[in-house]
Each structure stands twice: as structure tokens, then as C-alpha cells.
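**Q** Just to be clear, the model below is a prediction. Sequence and coordinates:
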Amino acid sequence: MTTPNPYLTATAQRPRMFTRPWQRWAWAVVPLISMSVFAFLPFLVAAIRGAVAWPFAIVYTLLSGAVFTCAVIKPDVNGWFAAGVWAFMLTTVVHVTLLDKINGSK
């Protein structure tokens, strides 16, 4: 079975991110409890392990940095910023859970 994106599904050519089923959910909690500030962390680890390409980790690091910067300098933001942070956080959680096949097949 071919996959549309080799960076989102574990294949024979790419190492797995999670060795145990509980690790998927433990890593998915990281962006939730940090309100996206540490959303880059699962992707940084995945890039080091070779589970995703480095551009994924770089993009998530930049977006997490933007969230942190806006939280620190507290600019006059409207509801769109909060909606954007929530969307980023939920997208990160979904992407983390999809790093390997959910059915556990190797």
C-alpha cells in the first residue's frame, strides 16, 4: 500500500517515532499542556530520530517561537490570535498522533 505522504506514515524506509502505543498520546499532550509553546518538541525529536524531515521541525519551531514571542510581549491582539493559537495547537496534536500508523503495523 502506497502512502500519499511518506513523512506522515511509517514505512520501511523511515524509522518509527513511537515504540510503545502510550508514547503517541504522551507526545500529543505536550502541545496541549504548553498551549503550543512546546509544539516543536515532538517534531524536533521525530526529526532527530529520522521519522520526519527537518523542514517539519523547523516550521513547528518557528511557529512555536511566534506563539511564545506574542505571549511574552503581549501585543494588543484580538480574537483572531487566540483562534490561531488554538488551531495551531489542535493541528499539532493531530500531526503528532499521525506520525506513525495508528493500527500499530510495522
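**A** Good, I have the coordinates. Numbers count the residues shown, from 1 in each chain.

**Q** which non-adjacent residue is nearest residue 15?
**A** residue 50 (4.8 Å; C-beta to C-beta, 6 or more residues apart in numbering). All C-beta spots, glycine's among them, are computed from the backbone N, C-alpha and C.

**Q** any idea how far that neighbour lies from residue 17?
**A** Counting by C-beta to C-beta, to the nearest Å, the gap from residue 50 to residue 17 is 9 Å.

**Q** quick one, which of those two is more surrounded?
**A** Taking neighbours as other C-beta atoms under 10 Å, residue 50 and residue 17 compare with residue 17 leading, 22 against 13.

**Q** Distance check, the more buried one against residue 82.
**A** 30 Å.

**Q** swap in residue 32?
**A** Taken as C-beta to C-beta, the span from residue 32 to residue 82 is 15 Å.

**Q** Compare these two and say which is more crowded by neighbours.
**A** More crowded of residue 32 and residue 82, by other C-beta under 10 Å: residue 32, with 15 against 10.

**Q** Over to the more buried one. Which of the three states is it?
**A** helix (DSSP: H, G, I helix; E, B strand; the rest coil).

**Q** Tell me which residues touch it, please.
**A** 89, 93 (C-beta atoms under 8 Å, 6 or more residues apart in numbering).

**Q** So what's the residue count around residue 73?
**A** By other C-beta under 10 Å, neighbour count at residue 73 equals 7.

**Q** what does residue 38 give?
**A** Residue 38 - counted by other C-beta under 10 Å - has 18 other residues nearby.

**Q** And for residue 27?
**A** 20.

**Q** so which strand or helix has it?
**A** Assessed by DSSP states H and E, residue 27 sits inside helix 21-33.
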